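Visitor: The sequence and its predicted three-dimensional model are supplied below.
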Amino acid sequence: MDDIDAYLTAQAGQFESNLCELLKIPSISADTQRHADVRRAAQWVAEQFRGLGLPTETIETSGQPLVYAETPKVAGRPTVLVYGHYDVQPVEPLDEWISPPFEPTKRSGNIYARGATDDKGQMLTHLFAARSWLKTRGQLPVQLKFLIEGEEEVGSQGLYDYLATEGAKAKLTCDVAVISDTSQFGPGQPAITYGLRGIAFFELKVSGPRQDLHSGTFGGAVTNPINTICRLLTSLIDERGRIQVPGFYDDVVALTDRERQQFAALPFTDAAFMQQIGVKGLSGEAGYTTLERRWARPTFDIHGIWGGQQVSKTAIPAKAGAKFSFRLVPKQDPQKVIDQARKYLQQHCPPGVEIEVTARGAPGVVVPLESPYVAAASRAIERGFGKRPVFIREGGSIPIVTNFRQQLGVDTLLLGWGLDDDNTHSPNEKFCLADFHRGIKASAHLWQELAR
């Protein structure tokens with residue numbers, strides 16, 4: 001691999017220049033006024049593949065196009081599906097950016113721009129790794145299939161619709177998928193994310209009287225929708241952090257002793273974590289550590305409550321609403337949880353109000369640590385970063401991982417090159433340039449390791 005490593009070193013400046021080109025495109029998928037820019041980003045990505053001589057397609061969907069490219073099949077070697085996205089989050093609040101979000105700026109070893117780490121920078125590491133093989137050896141040791149979408153930040157509906165077609169399943173047949181859209185465990189400590197939590201997301205609406213009522217005249221005789229929202233939501237979890245929906249824990253799989261030992265061995269302290277997020281105390285399900293609660297236990301959180309007045313008007317509101325979610329662990333069925341929670345809320349709804357519950361969900365996933373693909377990724381990351389990765393779970397949800405398993409029957413390697421302080425979805429998003437280059441090197445070695 002000396003020739004490829006030398007090429008990566010020689011091309012480092014060009015890689016950064018190309019990254020800046022893509023970061024300058026304001027491909028905000030949530031903003032209809034930017035949809036032409038989203039398509040411009042798709043065209044830019046497609047041109048990069050075409051420049052390598054790869055068969056490349058721009059696949060139209062119900063939303064933004066998919067960019068697909070592939071390298072030749074290699075007999076007896078795995079086929080790898082590389083997924084990423086070229087769309088980005090909105091930039092507001094704009095006045096909190098130190099430098100303009102679409103003018104890539106280098107400071108203190110980082111590059112600052114919207115999309116730097118989520119996901120343009122991380123996605124490009126795999127494209128540039130493929131380039132290194134094609135430019136030095138003319139071919140790759142495995143077949144790569146690239147699938148890059150433009151709606152990840154708004155739900156990926158076009159991609160999901162496409163994946164459900166028979167043509168997609170045939171085109172995307174592979175042995176394993178690779179995604180880099182997550183983070184390392186910490187600075188200088190690369191990681192492989194082998195587990196993700198699922199989610200059941202709810203909107204609860206409560207309707208009472210036909211109009212707002214004077215609380216002095218009607219208070220004590222009419223069920224208040226906001227009071228109802230508060231009672232229902234607080235009843236869903238007890239003071240020890242246990243969710244009170246009957247049957248909720250029936251399918252929860254306990255952490256293994258090996259996993260608990262691995263988590264405990266990581267360089268993590270509650271004190272440092274509290275300082276990082278700016279709080280003076282932590283809470284959660286009794287009997288579990290902070291990392292176990294964040295990564296591998298189900299949780300309940302309220303995300304917003306609306307209704308009533310924000311001024312000095314003492315009225316009983318006619319309507320109120322809330323949004324909340326359960327994070328789920330693998331083996332929990334989101335639809336089962338949704339049905340259980342809906343039944344619970346209906347049974348505990350007081351007289352005088354009506355409730356409406358809408359919900360959607362996605363299951364969690366765990367990749368077996370004994371997988372030979374995980375072992376290959378571990379070796380490649382050690383070569384790229386100079387340090388063996390640790391194995392972690394992620395508390396968030398990446399529905400496309402579940403979709404790949406359901407539609408294509410493959411597991412996904414989640415190889416994140418970012419850091420958890422990269423300000424994804426926030427002002428001043430950044431990506432460490434040293435990790436950008438380490439990610440390219442790790443990716444280049446990954447193709448060799450997977451070929452073995």
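Guide: That came through, no problem.

Visitor: can you list the domains in the chain?
Guide: Domains of the chain are assigned by automatic domain parsing as 2-196+365-451, 198-252+298-362.

Visitor: now these in CSV, with distance to residue 258 and mean pLDDT?
Guide: Any C-beta I mention is one placed from the backbone N, CA and C, and that applies to glycine too. As requested, those are exported to CSV (distance: least, CB to CB, whole Å; pLDDT from 0 to 100):
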stretch, distance to residue 258, mean pLDDT
domain 2-196+365-451, 8, 96
domain 198-252+298-362, 16, 96
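
Visitor: Of those, which is nearest residue 274?
Guide: Proximity of the domains of the chain to residue 274 was assessed by CB to CB; the nearest stretch is domain 2-196+365-451, lying at 14.6 Å.

Visitor: out of the domains of the chain, deepest packed?
Guide: Each of these was scored by mean neighbour count; the highest is domain 2-196+365-451, a mean of 19, by mean count of other CB atoms under 10 Å.

Visitor: Make JSON lines from the domains of the chain and add distance to residue 271 to it.
Guide: Formatted as JSON lines, those follow (distance: least, CB to CB, whole Å):
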{"stretch": "domain 2-196+365-451", "distance to residue 271": "15"}
{"stretch": "domain 198-252+298-362", "distance to residue 271": "20"}
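
Visitor: out of those domains, which comes closest to residue 276?
Guide: domain 2-196+365-451 (7.6 Å).

Visitor: Now the terminal residues of the closest one, how far apart.
Guide: 17 Å (CA to CA, to the nearest Å).

Visitor: Would you mind measuring the gap between the ends of stretch 383-400?
Guide: 28 Å.

Visitor: That should have said stretch 46-58, apologies.
Guide: Distance across stretch 46-58, first residue to last, is 7 Å (CA to CA).

Visitor: follow-up on the earlier one: and the domains of the chain: which comes nearest residue 278?
Guide: Here domain 2-196+365-451 is closest among these (CB to CB), at 12.4 Å.

Visitor: before we move on, back to that, residue 292: which of the domains of the chain is closest?
Guide: In terms of CB to CB, the element of the domains of the chain nearest to residue 292 is domain 2-196+365-451, at 9.1 Å.

Visitor: That closest one: how far from the chain's middle?
Guide: Centroid separation for domain 2-196+365-451 versus its chain: 12 Å, with CA atoms, centre = their mean, to the nearest Å.

Visitor: if I look at residue 188, how far off is residue 126?
Guide: Per CB to CB, to the nearest Å, residue 188 is found 22 Å from residue 126.

Visitor: and what of residue 277?
Guide: For residue 277, the distance to residue 126 - CB to CB - is 31 Å.

Visitor: so residue 226 sits right up against residue 318, yeah?
Guide: No: assessed by CB atoms under 8 Å, residue 226 is found out of contact with residue 318, at 10.5 Å.

Visitor: got a list of what the residue nearest the centre of the chain touches?
Guide: Centrality entry for the chain: nearest residue to the mean C-alpha point is residue 398, 4.4 Å, by CA atoms, centre = their mean. By CB atoms under 8 Å, 6 or more residues apart in numbering, the residues touching residue 398 are 179, 181, 182, 196, 414.

Visitor: how close does it get to residue 174?
Guide: 17 Å.

Visitor: Over to residue 371?
Guide: 14 Å.

Visitor: next one: residue 246
Guide: 41 Å.

Visitor: Then residue 281?
Guide: From residue 281 to residue 174 the distance is 46 Å (CB to CB).

Visitor: before we move on, the earlier item: compare the domains of the chain and give me the one nearest residue 263.
Guide: Closest to residue 263 of the domains of the chain, according to CB to CB: domain 2-196+365-451, at 8.0 Å.

Visitor: Confirm residue 295 sits in a strand?
Guide: No: under DSSP: H, G, I helix; E, B strand; the rest coil, residue 295 sits outside any strand and is assigned helix.

Visitor: is the residue nearest to it when sequence neighbours are not counted in a bridge, and if so with what?
Guide: Spatial nearest neighbour of residue 295, excluding adjacent residues (CB to CB, 6 or more residues apart in numbering): residue 393 at 3.6 Å. Applying DSSP bridges to residue 393 gives these bridge partners: residue 195.

Visitor: For residue 393, which residues are in contact?
Guide: Residue 393 neighbours (CB under 8 Å, 6+ apart): 193, 194, 195, 196, 197, 295, 296, 366.
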